[in-house]
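[1] Sequence and predicted model, in that order:
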Amino acid sequence: MVDLAYVIAGSEATGGAGIQADLRTFQALGAFGLGTVTCVVSFDPANDWGHRFFPVPADVIAAQIEAATAAYALDVVKIGMLGTPATIEVVAEGLRSQPWRHVVLDPVLICKGQEPGAALDTDNALREHVVPLATVVTPNLFEARALSGMETIETVEQLTEAARRIQQLGPRYVVAKGGVELPGDDAVDVLVDGDEVTVLATPKVGRARVAGAGCTLAAAITAELAKGAEVGAAVARAKEFVTAGIERRVAGRAPFEVVRQGA
Ligand SMILES: Nc1ncnc2c1ncn2[C@@H]1O[C@H](COP(=O)(O)OP(=O)(O)O)[C@@H](O)[C@H]1O
Ligand SMILES: Cc1ncc(COP(=O)(O)O)c(C=O)c1O
């Protein structure tokens, strides 16, 4: 049997995040990965490494989803950056076209370089059309605030409350990530499943954000689910995997370090 892991996400031109990080994670964890590209994010080295955002046309996204789902019996998918309401619509339609055992959503909300107005439309479209289709959703602190409507999240209790509110939008499992943003010495994530709450904490490795951490965590959960793990075990394994990748992070010439997946 082949453990198939599918990802629908953006390409990040320096390879640190997005679909490149997802596919490296699938490979490192022994899942067979394939992907559909929704947009390209290309940092601009001549302009303080600001984001340049290029959406892929909706018909091209639809064609990729059609080919991937025709070629293989896929039942586990990770959703990463979508970027525009039109992309969200076409991906939601693709998701609804067949049953899934798990839809793991990393709700990447903003990409710098987008118009704030457009970003709000995108947030609303994601909440309305994709969040309800997800079985597992993995918001970071910023996304947890936006999706829960809670302005302040500074404690594990508040992070848990935010996860519960996000659960009300549809997904059974919410992994709310405190990361480096939640005060304290540990990088704390909270997994909420029904009434059950599991706190996953590891010592923070440095204090700076590491590019690709969120992508890697959600992709690792997806790979483990593809291999047949239950959600609790998949999240625990993914947390170990991303922590190891952050410890071994890679520095290049861009002003951010990136997760190194696997050995
Ligand atoms: N410096 C760090 N040390 C240890 N774990 C971290 C660190 N930064 C992030 N993490 C963990 O990496 C995962 C991704 O979190 P985060 O970086 O908050 O996501 P995102 O990339 O979506 O903003 C979470 O499990 C988080 O707790
Ligand atoms: C295409 C794409 N997806 C996802 C992300 C989010 O990455 P991270 O895992 O660092 O949150 C980025 C960030 O630049 C991106 O460019």
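    Alright, I've got the coordinates. This structure is a prediction, so every number in the text was calculated from the model and none was measured. Ligands and ions are numbered 1, 2, ... in the order given.

[2] quick one, helices of this protein?
    For the chain, the helices identified by DSSP state H occupy 18-28, 58-71, 85-96, 116-125, 141-148, 156-167, 213-226, 231-247, in order along the chain.

[3] per-residue pLDDT, the residue lying closest to Phe54 once chain neighbours are set aside?
    The shortest distance from Phe54 to any non-neighbouring residue, by C-beta to C-beta, 6 or more residues apart in numbering, is to Val40 (4.4 Å). (Each C-beta comes from the backbone N, C-alpha and C, glycine too.) In this model, Val40 is scored at 97, pLDDT.

[4] Beta-bridge partners for Val40, please?
    In this entry, Val40 is beta-bridged to Ser11, Phe54, by DSSP bridges.

[5] tell me the contacts of it?
    Val40 makes contact with 10-11, 13, 53-54, 56, according to C-beta atoms under 8 Å, 6 or more residues apart in numbering.

[6] just to revisit the earlier point, now the helices of the chain as JSON lines including mean pLDDT, mean neighbour count and distance to ligand 1?
    Listed next are the helices of the chain as JSON lines, based on pLDDT from 0 to 100; neighbours: other C-beta atoms under 10 Å; distance: least, C-beta to the nearest ligand atom, whole Å:
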{"stretch": "helix 18-28", "mean pLDDT": "98", "mean neighbour count": "24", "distance to ligand 1": "10"}
{"stretch": "helix 58-71", "mean pLDDT": "98", "mean neighbour count": "15", "distance to ligand 1": "22"}
{"stretch": "helix 85-96", "mean pLDDT": "98", "mean neighbour count": "19", "distance to ligand 1": "18"}
{"stretch": "helix 116-125", "mean pLDDT": "83", "mean neighbour count": "15", "distance to ligand 1": "15"}
{"stretch": "helix 141-148", "mean pLDDT": "95", "mean neighbour count": "21", "distance to ligand 1": "6"}
{"stretch": "helix 156-167", "mean pLDDT": "98", "mean neighbour count": "20", "distance to ligand 1": "11"}
{"stretch": "helix 213-226", "mean pLDDT": "98", "mean neighbour count": "29", "distance to ligand 1": "2"}
{"stretch": "helix 231-247", "mean pLDDT": "98", "mean neighbour count": "20", "distance to ligand 1": "5"}
